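> below is the sequence, then the predicted model.
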Number of protein chains: 2
Amino acid sequence: MAGNPERRAALVDAGIAVLAREGARGLTFRAVDAEAGVPTGTASNYFTGRDDLLRQIDARLHIRLAPDPEVVEELLLGARDRALVTAFMRDILDRAVRDRAGYLALLEMRLEATRRPELRASFTASVRGDLEQGMQFHREAGLPGDDQTVTVLYLAMLGLILEHLTLPGVLDGALDGVNVPEDLVERIVTTVVPAK
Amino acid sequence: MAGNPERRAALVDAGIAVLAREGARGLTFRAVDAEAGVPTGTASNYFTGRDDLLRQIDARLHIRLAPDPEVVEELLLGARDRALVTAFMRDILDRAVRDRAGYLALLEMRLEATRRPELRASFTASVRGDLEQGMQFHREAGLPGDDQTVTVLYLAMLGLILEHLTLPGVLDGALDGVNVPEDLVERIVTTVVPAK
C-alpha cells in the first residue's frame, strides 16, 4: 500500500464526493481517481478493495462531521436545561447541512450496507459507538432526560436530517409559524426532553 | 405508450426490486426488462423516460405500503389513547419490514431526488400529502397530541425505520430490556405523545 497520507486523505474525500453525487454504485476506483485528479490506477495503490475504501470513508466522515471541541466547551458553560440540548441538536444539524455531501455519503453507505455484510458490521459498530457516546455525554453533562430520551431524540434528529437533506419541502410550512429546520429542532426537543 | 395494465404493474414492481437491490444508478430500462423477464425494449414502450418510471414507482409504493383499511377500522374500535397511537405506529413499522424492498426503494428515491429536480418536486408532494393526512387522521380520530406531536412522531418513526432497515444492530440492546423494534415503538410514543 502506498503511504502518502495527504494523497490518501484526498482520495478518501474524492470517494465521499463521488458517493454523494453518483450513489454507491458509481463508487469505483476509476471514478475516485478522476474526482481526485490523479492518474488512473492511483486509488488501487491506496486501498485493498472497495470494502477498504468504504471503511476509510466511514472513518474520515467521523472526523469531518464531528463537533468542534471549542463549540462544545463554550456550550457547556450554559445551564443544563432544554435550551442547551436544543443548542447541541442545532449544532448536529448545522454540521450535516454544512457538509451536505458528507452526510449524503453516509446515507448512501447505509443503503450499501444492506448489500455488503462486512460494511454493515463495521458501520454498525461506529454508529452504535456514536449513540452510546451521546448517552454518556448526556448523563455526564447532567442534561435533562435519560438514555431513552437520548435514543428518541437521536431517532427524531436522524429523521429530520434525512428529510431536510433529501426532501426539504416536506417539512417547510407543515407547522404554522415554525421555521424549518431551526425552529423545528427546538420543537423536537420541547416534545421529547423533559423540562427539568 | 403500450397499454397492458398488468404488464405495466409488473414492470413497475420490477423497477422497485432493481432500485432496492442495485441502487438508483442500477435502475435502467434494460435492468427492469431483465428483472421482469420480458424482452429487452419492453419498458421503453411503457415509460416515456426514467423520470416517468420513477414517478410511477412512487405511485405504486404508495399503494404497496398503504395501511389495510380493515386493520385501521378494527384499531379504531379502541380507546383514543397512547396505546392506540402505539398500535398505529407498529402497523407502519410492520408494513415497512414486510415490504423491505419497497421501503428501501423509497430511500433510494430520496437520494435520487437530490439529483433530479423533477423527481424531487413530485416526491415532495406525495410525502407532504402523507404527513398532512397523518395530522388530519390524528385530529379527527381524537388521538392525544396535536400537529406538533404528529410531526415529531413522524420524524422519530422515519429515523427508526431507516436505522432498523439499514443498520439493525445499532439499536439492538441499546436500551436495557427494550426489544427492537417492537418495544422501542412503544417507548417512542410514550416519550413523544402526551398521556391524555
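Yep, it's here. Just so it is clear, the structure is predicted and the values come from calculations on it, not from any experiment. Numbering: from 1, shown residues only, chains lettered A, B, ... in the order given.
> in space, not sequence, find me the middle residue of chain A.
Per CA atoms, centre = their mean, the C-alpha nearest to the average position across chain A is that of residue A:103, at 4.9 Å.
> if you drop the residues flanking it in sequence, what lies closest to it?
Distances taken as CB to CB, 6 or more residues apart in numbering or on different chains put residue A:96 closest to residue A:103, at 4.3 Å, once the chain neighbours are dropped. The C-beta positions use only the backbone N, C-alpha and C, and glycine is treated the same way.
> quick one: contacts of the host helix or strand of the one you found?
For residue A:96, the enclosing helix or strand under DSSP states H and E is helix A:82-98. Residues lying outside helix A:82-98 but in contact with it, judged by CB atoms under 8 Å, 6 or more residues apart in numbering or on different chains, are A:65-67, A:71-72, A:75, A:78, A:102-103, A:143-145, A:153, A:157, A:160-161, A:164-165, A:181-182, A:185-186, A:188-190, A:193, A:195.
> please apply the same query to stretch A:162-173.
Outside of stretch A:162-173, the residues that reach it under the criterion CB under 8 Å, 6+ apart are A:93, A:96-97, A:100, A:103-104, A:107, A:160, A:180-181, A:184, B:110-111, B:113-114, B:120-121, B:123-124, B:127-128, B:131, B:151, B:155, B:158-159, B:162.
> need the longest helix for chain A.
helix A:117-140 (DSSP state H).
> domain assignment for chain A?
The record's domain split for chain A, according to automatic domain parsing, is A:1-64, A:67-196.
> for those domains, give me CSV that also has mean pLDDT and distance to residue B:137.
Output for the domains of chain A, formatted as CSV (pLDDT from 0 to 100; distance: least, CB to CB, whole Å):
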stretch, mean pLDDT, distance to residue B:137
domain A:1-64, 95, 34
domain A:67-196, 97, 15
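> that older thread, and the next element down the chain from the longest helix of chain A?
Past helix A:117-140, heading to the C-terminal end, the next element that is a helix or strand (DSSP H and E) is helix A:147-166.
> gap between that next one and the chain center?
Offset of helix A:147-166 from its chain centre (CA atoms, centre = their mean, to the nearest Å): 11 Å.
> same check, this time on stretch A:183-196
For stretch A:183-196, the separation from the chain centroid amounts to 21 Å (computed by CA atoms, centre = their mean).
> buried set for that stretch?
A:184, A:185, A:186, A:187, A:188, A:189, A:191, A:192, A:193 (16 or more other CB atoms under 10 Å in any protein chain shown).
> want to throw those residues into CSV with secondary structure?
As requested, these are arranged in CSV below (DSSP: H, G, I helix; E, B strand; the rest coil):
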residue, secondary structure
A:184, helix
A:185, helix
A:186, helix
A:187, helix
A:188, helix
A:189, helix
A:191, helix
A:192, helix
A:193, coil
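> now, among those residues, which is nearest to chain B?
Using CB to the nearest CB, residue A:191 comes nearest to chain B of the buried residues of stretch A:183-196, at 4.4 Å.
> excluding its backbone neighbours, what's nearest the closest one?
residue B:152 (4.4 Å).
> number of residues surrounding the one you found?
By other CB atoms under 10 Å in any protein chain shown, the residues close to residue B:152 number 28.
> repeat for residue A:86
The criterion is other CB under 10 Å. On that basis, residue A:86 has 18 neighbouring residues.
> swap in residue A:161?
Here the number of neighbours of residue A:161 (other CB under 10 Å) works out to 22.
> which SSE is the residue in chain A sticking out farthest from the centre in?
Each residue of chain A has a distance to the centre, and by CA atoms, centre = their mean the biggest one is for residue A:39: 30.1 Å. Using DSSP H and E, residue A:39 sits in no helix or strand.
> next, the contact list for it, please.
Contact partners of residue A:39, counting by CB under 8 Å, 6+ apart, are residue A:33.
> quick check: the gap between it and residue A:66.
Taking CB to CB, to the nearest Å as the measure, residue A:39 falls 32 Å from residue A:66.
> can I get the domains of chain A in CSV with distance to residue B:170?
Formatted as CSV, the entries for the domains of chain A read as follows, by distance: least, CB to CB, whole Å:
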stretch, distance to residue B:170
domain A:1-64, 13
domain A:67-196, 5
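> that older thread, what residues of the helix or strand hosting the residue nearest to the centre of chain A count as buried?
Per DSSP H and E, residue A:103 falls inside helix A:100-113. Residues of helix A:100-113 classed as buried: A:101-113 (neighbour count, 16+ other CB under 10 Å).
> ok, those residues vs chain B, which is closest?
Using CB to the nearest CB, these come closest to chain B at residue A:110, 3.9 Å.
> wait, that closest one sits on residue A:120?
No - at 9.2 Å, residue A:110 does not count as touching residue A:120 under the criterion of CB atoms under 8 Å.
> residue A:134 against residue A:155, yeah?
No - if you go by CB under 8 Å, residue A:134 and residue A:155 don't touch, sitting 11.5 Å apart.
> those two: which is more packed in?
Comparing residue A:134 with residue A:155 by other CB under 10 Å, the one with more neighbours is residue A:155, at 28 against 18.
> mind listing what the nearest residue to the more buried one once chain neighbours are set aside touches?
If the residues on either side of it in the chain are set aside, residue A:155 comes closest to residue B:159, at 3.5 Å by CB to CB, 6+ apart. Contact analysis of residue B:159 by CB under 8 Å, 6+ apart lists A:154, A:155, A:156, A:157, A:158, A:159, A:160, A:162.
> now swap in residue A:189 and tell me
Neighbouring residues of residue A:189 by CB under 8 Å, 6+ apart: A:82, A:85, A:86, A:89, A:153.
> nearest to chain B, of these?
Distance to chain B, by CB to the nearest CB, is smallest for residue A:153 among the contacts of residue A:189, at 8.6 Å.
> so the closest one touches residue A:188, yeah?
Yes - taking CB under 8 Å as the contact criterion, residue A:153 and residue A:188 are neighbours in contact, 7.1 Å apart.
> and the longest helix of chain A, what does it pack against?
For helix A:117-140, the helices and strands in contact under the criterion 3 or more CB pairs under 8 Å, 6 or more residues apart in numbering or on different chains; DSSP states H and E are helix A:50-64, helix A:100-113, helix A:147-166.
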